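In: the sequence and its predicted three-dimensional model are supplied below.
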Amino acid sequence: MFNKMLILSASAGAGHIRAAQAIEQAALELNAAKEVIHVDTLEYTNKVFRTLYSKTYIEMVNSAPEVLGWIYDHLDTPWKRERRRLALDKLNTRPFVKFVKKYQPDVIICTHFLPAEIVSWMKAKEKLECPQGIVITDFDVHALWLCHHYEQYFVAIEEAGVHLNKLGIWPDKISVTGIPIDPIFSQNKDKQQMRVKYGLHPDKPTILISAGGFGVGPIELIMRALLQSRHPLQIIAICGKSKELKQQIDSFAARLPQNSSINIKPVGYTKDMDEYMSASDILLGKPGGLTTSEALTKGLVFVIFNPIPGQEERNSDHLLEDGVAIRCNNLPTLAYKLDRLLDDKVRFSTMQNNAKKLACPNAAYEIVKKMLSLPK
């Protein structure tokens, strides 16, 4: 048992935060430390830097994803520009460095590359002596995750481990655990019971869409495309905190004729995503690392549409290669591709089984146990 465990994330997208929260919960359940705290690193930076990292990222996802993809690829050169980047990050994270020095943790686990880089520098300068674990929250390894001072890397799949090894990371410092998700997703909940609980037909093919990932305009176009399916469908549209988005989908659903073979259930902000996934057969949308890992645990088949260039494009490649996904590049063909998938029951069942094989529901526990097993 450690005395103090510090889990560090950054609120640049929700995935890094959710991964950290999963590790925090696992650490508490395993009684891994007397004190476990989770800190958003960006809370200890200046306002301009914090905005650049969080709000600017989200704005680029929504308005200029192709630029984001270019930046992602441009920066993906191992060990290049690291001194320049570190100098900039050090300049803007002085309050964070001060906090870590004052807190004096016995172990640190990072779910974002920003705190991992700063902790690595602190260890190099002997400002910090505790072990560091770095949790990569996508299926691929980007150069920004590379550090010189760490005790363990945790990756989603074996290929990512091979990649790290080829870049000079020793095999004994690499653990293939999967991406940490909330343990609630590993609970087996009956599909039909979950559908009845949320007012859905118990036997209709069910599609889950994270509508917030598309925005107000495109989501209606997706709904209209799905109306052309030959199969009776029910769609769970998760709108998150966007009231405008939920109102639009509510309005669209209300305009459907009573005899429509498509039912739409708009859902606002919810903490029951595990149950909505349990009720579903298909996840339609963008393959972010955390959402993908949650859906795999529930055995969902992926219909990938409009992934963010960069990490989501690469996540898509892995899902397609492992036989758990199809990809639709053109909205007018969405219903056609979906119908082909649902027509082939053997193929669909195989893809569900492939998803469960790829799932790593206990990743958070494995990460904490590995950190506990390192030499003190």
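Out: Now that the structure is in, tell me what you want to look at.

In: what ranges does this structure have for its strands?
Out: Listed in chain order, the strands found in the chain under DSSP state E are 2-9, 33-40, 107-110, 132-135, 152-155, 174-176, 206-210, 233-240, 262-268, 282-285, 301-305, 325-328.

In: those strands: which one's closest to residue 190?
Out: Residue 190 sits nearest to strand 206-210 of all these, at 13.4 Å, using C-beta to C-beta. C-beta coordinates here come from the backbone N, C-alpha and C atoms, glycine included.

In: counting by contacts, list what the closest one packs against.
Out: The elements that strand 206-210 packs onto, with contact taken as 3 or more C-beta pairs under 8 Å, 6 or more residues apart in numbering; DSSP states H and E, are helix 216-226, strand 233-240, strand 282-285.

In: now these as CSV including mean pLDDT and distance to residue 357?
Out: Compiled in CSV, the helices and strands packed on strand 206-210 are given as follows (pLDDT from 0 to 100; distance: least, C-beta to C-beta, whole Å):
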stretch, mean pLDDT, distance to residue 357
helix 216-226, 81, 28
strand 233-240, 91, 25
strand 282-285, 94, 17
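
In: can I get the strands of the chain in TSV with mean neighbour count?
Out: Conversion of the strands of the chain to TSV gives the following (neighbours: other C-beta atoms under 10 Å):
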stretch	mean neighbour count
strand 2-9	22
strand 33-40	17
strand 107-110	29
strand 132-135	27
strand 152-155	26
strand 174-176	19
strand 206-210	24
strand 233-240	23
strand 262-268	18
strand 282-285	25
strand 301-305	23
strand 325-328	20
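
In: quick one: closest of the ones you listed to residue 355.
Out: For these, proximity to residue 355 was assessed by C-beta to C-beta; strand 301-305 is nearest, at 6.6 Å.

In: what helices or strands is that closest one leaning on?
Out: Packing contacts for strand 301-305, counted by 3+ C-beta pairs under 8 Å, 6+ apart, involve strand 282-285, helix 311-321, strand 325-328, helix 334-343, helix 345-358.

In: list of residues touching stretch 270-279?
Out: Applying C-beta atoms under 8 Å, 6 or more residues apart in numbering, the contact partners of stretch 270-279 are 182, 184-185, 187, 189-191, 194-195, 197-198, 200, 206, 208, 236, 238, 267, 283, 294-295, 298, 300.

In: what of stretch 43-54?
Out: For stretch 43-54, the external contacting residues (C-beta under 8 Å, 6+ apart) are 10-12, 42, 92-93, 95-96, 98-99, 114.

In: next: stretch 358-370.
Out: By C-beta under 8 Å, 6+ apart, the residues outside stretch 358-370 that reach it are 22-23, 25-27, 29-30, 32, 109, 133, 135, 152, 154, 156-157, 175, 177-183, 185-186, 293, 296-297, 299, 322, 324.

In: report the residue spans of this protein with pLDDT below the cut-off.
Out: Scanning the chain with the threshold set as pLDDT under 70 gives 56-57, 61-62, 64, 212-217, 376.

In: quick check: domain ranges of it?
Out: With automatic domain parsing serving as the domain definition, the record reports that the chain contains domains spanning 2-181+361-373, 184-358.

In: quick revisit: okay, the strands of the chain in CSV with distance to residue 343 next?
Out: Compiled in CSV, the strands of the chain are given as follows (distance: least, C-beta to C-beta, whole Å):
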stretch, distance to residue 343
strand 2-9, 42
strand 33-40, 45
strand 107-110, 45
strand 132-135, 39
strand 152-155, 36
strand 174-176, 35
strand 206-210, 15
strand 233-240, 13
strand 262-268, 17
strand 282-285, 14
strand 301-305, 13
strand 325-328, 13
